[in-house]
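Student: what follows is a protein structure lacking sequence information:
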């Protein structure tokens with residue numbers, strides 16, 4: 001694109017003309033043929049519910065009330081007759097027939113930052129390369145030119161290492177961050193009238209063109225023009241309404257819960273309807289070194305209604321078969337309860353929930369023994385026997401990529417000329433549909 005807008009017709013005027021001709025720019029943002037598709041025919045998306053801080057498997061998806069180290073958490077039956085989960089999650093208990101549980105994820109990273117990097121990318125941190133997150137890979141490998149809003153979004157997030165990055169794929173694949181989803185999106189609506197806005201853009205183009213002379217490569221590396229064009233496209237797109245929930249029925253909003261996480265899950269469903277490829281919704285507060293049981297009761301009071309409503313909503317809109325939902329954190333929590341009534345970092349056998357998108361449902365992978373784990377907790381890592389049927393995080397991500405029609409073994413040449421596979425894992429055949 002040589003200019004921010006044509007001399008003959010502005011973008012806004014084009015939208016007005018299209019509206020007058022009866023062309024719809026409303027939801028969904030896929031092309032008309034794809035928008036009518038549902039179930040397995042619709043292009044797939046990924047929603048990741050990121051449990052920041054490391055949730056305790058024993059207080060969520062892998063309770064052991066009979067164990068010496070199980071604590072006060074009770075186990076309740078679910079709609080999967082072979083599965084019990086923590087009593088803090090009664091609404092999710094009604095949805096577990098749609099999902100599968102892995103109780104034996106393993107990692108060598110017990111630090112928050114390194115653990116987050118590993119679980120978001122499938123690679124351990126290195127000094128010579130920054131790996132892209134799973135969501136960035138999907139946005140890169142499965143683009144859709146009909147979607148005018150970002151293809152990779154992080155909701156209810158803040159700053160820091162929780163934000164998924166584009167890594168060697170480029171900063172343009174970093175997640176677009178929304179701190180308070182369902183509320184006003186800052187700086188996304190123009191604050192002046194149309195005439196003044198177009199005058200500003202004309203002046204900006206003159207300055208940009210002048211600055212570019214003699215330094216084209218350096219300017220291209222800054223992504224300056226790319227960011228401007230993408231921002232202008234999004235600001236004038238009706239698809240931006242996917243971030244708003246004012247027109248959702250009150251009963252639907254209430255079902256998700258009035259929290260940043262709850263509203264984020266509702267916005268995530270709306271973004272899936274638009275064709276957005278990857279959405280992360282963050283629930284902070286799982287770093288329960290003290291008051292673990294009270295902390296998880298508080299956290300699950302937000303997680304339970306929002307997660308259950310999301311699965312139910314996707315199913316009611318016939319979107320569950322085209323949307324993979326993953327609930328995961330950077331690691332789990334120790335079997336041994338510390339003197340502060342808390343649990344510490346535990347990457348040697350933690351849990352996640354995954355389903356939808358054509359993956360098999362009702363699968364339970366792995367088992368853990370918290371009493372044995374507690375006995376071995378303070379021994380060197382080489383002495384840990386680990387959970388039964390351990391699952392590597394890269395294998396989980398290879399499974400998701402395969403289900404999303406992305407070849408995990410595909411090699412990308414990094415900016416320094418190094419070939420790296422998108423994922424080093426092997427798909428878990430038990431989960432593939």
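Tutor: Noted; the coordinates are in hand. Predicted model only: the values in this text are computed from it and were never measured.
Student: CA atoms for contacts and neighbours, from now on please.
Tutor: OK.
Student: chain neighbours aside, what residue packs nearest to residue 340?
Tutor: residue 290 (4.9 Å; C-alpha to C-alpha, 6 or more residues apart in numbering).
Student: residue contacts, the one you found?
Tutor: Applying C-alpha atoms under 8 Å, 6 or more residues apart in numbering, we find residue 290 in contact with 338, 340-343.
Student: report pLDDT for residue 374.
Tutor: As predicted, residue 374 sits at a pLDDT of 89.
Student: apologies, that question was intended for residue 420.
Tutor: 97.
Student: SS state for it?
Tutor: With DSSP: H, G, I helix; E, B strand; the rest coil as the basis, residue 420 sits in strand.
Student: and what of the one 5 residues further on?
Tutor: Of the three states, residue 425 takes coil according to three-state DSSP.
Student: distance check, it against residue 324.
Tutor: 18 Å (C-alpha to C-alpha, to the nearest Å).
Student: more neighbours: those two, which one.
Tutor: A side-by-side neighbour count of residue 425 and residue 324, using other C-alpha atoms under 10 Å, places residue 324 first with 23 against 19.
Student: thinking again about what came up before, got the phi and psi for the residue nearest to residue 340?
Tutor: Backbone dihedrals for residue 290, given as degrees, to the nearest 10, come out at phi -130, psi 150.
Student: tell me the spacing between it and residue 52.
Tutor: Distance, residue 290 to residue 52, using C-alpha to C-alpha: 16 Å.
Student: where does the stretch 151-300 of the chain have low pLDDT?
Tutor: Segments of the stretch 151-300 of the chain classed as low confidence (criterion: pLDDT under 70) are 159-161, 184-194, 197, 200-208, 210-214, 216-236.
Student: so where do the helices sit in it?
Tutor: Counting by DSSP state H, counting those that start in this stretch, the stretch 151-300 of the chain has helices at residues 194-212, 216-221, 224-235, 250-256, 260-274, 292-316.
Student: once you drop chain neighbours, what's closest to residue 301?
Tutor: Spatial nearest neighbour of residue 301, excluding adjacent residues (C-alpha to C-alpha, 6+ apart): residue 88 at 7.2 Å.
Student: list the contacts for that neighbour?
Tutor: 59-60, 296-297, 300-301, 304.
Student: name only those of these that count as buried.
Tutor: 59-60, 296-297, 300, 304 (16 or more other C-alpha atoms under 10 Å).
Student: now these as CSV including distance to residue 411?
Tutor: Below are the buried ones among the contacts of residue 88 laid out as CSV (distance: C-alpha to C-alpha, whole Å):
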residue, distance to residue 411
59, 39
60, 36
296, 40
297, 43
300, 39
304, 38
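Student: just give me the closest of those to residue 408.
Tutor: residue 60 (29.7 Å; C-alpha to C-alpha).
Student: the closest one against residue 92, yeah?
Tutor: No: between residue 60 and residue 92 there is no contact under C-alpha atoms under 8 Å: 10.3 Å.
Student: tell me how far residue 398 lies from residue 426.
Tutor: 6 Å.
Student: higher neighbour count, these two?
Tutor: For residue 398 versus residue 426, the count of surrounding residues by other C-alpha under 10 Å is larger for residue 398: 24 against 17.
Student: and that one, how far from residue 431?
Tutor: From residue 398 to residue 431 the distance is 11 Å (C-alpha to C-alpha).
Student: and if you look at residue 273?
Tutor: On the measure of C-alpha to C-alpha, residue 273 and residue 431 end up 24 Å apart.
Student: cool, and residue 369?
Tutor: In terms of C-alpha to C-alpha, residue 369 sits 23 Å off from residue 431.
Student: quick one: which of the two has more around it?
Tutor: residue 431 (21 against 15).
Student: now the more buried one: closest residue in space that isn't a chain neighbour?
Tutor: The nearest residue in space to residue 431 (C-alpha to C-alpha, 6+ apart) is residue 360, at 5.1 Å.
Student: residues in contact with that neighbour?
Tutor: Contacts of residue 360 (C-alpha under 8 Å, 6+ apart): 99-100, 430-433.
Student: residue 433 too?
Tutor: Per C-alpha under 8 Å, 6+ apart, neighbours of residue 433: 358-360, 403.
Student: same question for residue 416.
Tutor: Contacts of residue 416 (C-alpha under 8 Å, 6+ apart): none.
Student: pLDDT score assigned to it?
Tutor: Reported pLDDT for residue 416: 89.
Student: quickly note the distance from it to residue 170.
Tutor: Taken as C-alpha to C-alpha, the span from residue 416 to residue 170 is 13 Å.
Student: settle this for me: residue 117 is touching residue 126, isn't it.
Tutor: No: using C-alpha under 8 Å, residue 117 is not in contact with residue 126; the gap is 10.2 Å.
Student: out of the two, which sits in the busier spot?
Tutor: More crowded of residue 117 and residue 126, by other C-alpha under 10 Å: residue 117, with 25 against 9.
Student: got the buried residues for the strand or helix carrying the more buried one?
Tutor: Under the criterion of DSSP states H and E, residue 117 resides in helix 112-121. Across helix 112-121, burial judged by 16+ other C-alpha under 10 Å covers 112, 114-121.
Student: what's the farthest-apart pair in those?
Tutor: Top of the distance list for these (C-alpha to C-alpha): 112 and 121, 14.0 Å.
Student: pull out the buried residues from stretch 122-129.
Tutor: Residues of stretch 122-129 classed as buried: 122-125 (neighbour count, 16+ other C-alpha under 10 Å).
Student: of these, closest to residue 83?
Tutor: Closest to residue 83, out of all of the buried residues of stretch 122-129 and judged by C-alpha to C-alpha, is residue 122, at 27.2 Å.
Student: wait, what's in contact with that closest one?
Tutor: 133-134, 393-394, 397, 423-424.
Student: again, 6 Å this time
Tutor: For residue 122, the contacting residues are residue 394, by C-alpha atoms under 6 Å, 6 or more residues apart in numbering.
Student: what's the pLDDT at it?
Tutor: 98.
Student: now do the one 3 residues further on
Tutor: On the pLDDT scale, residue 125 is placed at 95.
Student: which strand or helix spans it?
Tutor: Residue 125 belongs to no helix or strand when assigned by DSSP H and E.
Student: how about the contacts of residue 433 in CSV, adding secondary structure?
Tutor: Formatted as CSV, the contacts of residue 433 follow (three-state DSSP):
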residue, secondary structure
358, coil
359, coil
360, coil
403, helix
